[in-house]
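Asker: sequence unavailable; structure follows:
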């Protein structure tokens with residue numbers, strides 16, 4: 001796994017549809033022309049404003065709510081056989097996912113009992129479920145469906161948030177990022193999203 005220190009101070013393109021990861025010499029080489037599809041990233045800084053960690057925070061809109069999430073290209077779930085059979089999507093048991101806290105997931109379930117839920121969906125943390133969110137909005141795009149895997153509140157409210165500039169409710173990973181080509185400029189704390197299919 002390549003961590004935050006490895007990505008820091010560089011400019012990358014995560015091209016999910018093209019199945020490529022690109023490293024660029026500087027921002028000017030790749031800055032997309034349309035600012036409507038740019039988003040600011042949040043990073044933890046010290047009292048002088050100097051960045052101390054490079055875990056990016058990104059904001060998405062789901063079900064009318066703005067939610068802060070870790071931008072997490074490494075988010076992974078390991079689906080047990082019974083849950084894999086219910087998913088019936090032909091994908092492997094170990095796969096990219098996104099994460100959401102139990103409290104937010106429970107709110108979604110109360111509002112939308114029709115949203116698809118898979119019980120006992122991750123061998124990594126017992127008793128966690130997966131929920132299929134029909135659509136999320138980010139950088140001027142709507143994309144979906146997106147599977148989110150449940151995590152206890154403390155995993156993000158207490159642990160992960162301690163490394164970030166503000167509290168996060170989960171992580172946006174490959175199950176949501178797969179629709180995009182995303183150029184992440186770590187030095188400038190910006191990301192540009194593109195939909196190759198649009």
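Answerer: Alright, I've got the coordinates. Being a predicted model, the structure only gives us computed values, none of them experimental.

Asker: what's the burial count for the nearest residue to residue 196 once chain neighbours are set aside?
Answerer: In this structure, residue 196 finds its nearest non-sequential neighbour in residue 17, 4.8 Å apart by C-beta to C-beta, 6 or more residues apart in numbering. Where you see a C-beta, it was placed from the backbone N, CA and C, and this is true even at glycine. For residue 17, the count of nearby residues is 13 (other C-beta atoms under 10 Å).

Asker: hmm, residue 17 is touching residue 198, no?
Answerer: No - using C-beta atoms under 8 Å, residue 17 makes no contact with residue 198, being 11.0 Å away.

Asker: so the residue nearest to residue 46 when sequence neighbours are not counted versus residue 5, what's the distance?
Answerer: Leaving out its chain neighbours, the residue that sits closest to residue 46 by C-beta to C-beta, 6+ apart is residue 52, at 5.2 Å. According to C-beta to C-beta, to the nearest Å, residue 52 stands 11 Å off from residue 5.

Asker: lowest-confidence helix or strand of this structure?
Answerer: Least confident helix or strand, the chain: helix 4-7 with a mean of 88, by mean pLDDT, DSSP states H and E.

Asker: now it: buried residues?
Answerer: Buried residues in helix 4-7, counting neighbours by 16 or more other C-beta atoms under 10 Å, are found at 4, 7.
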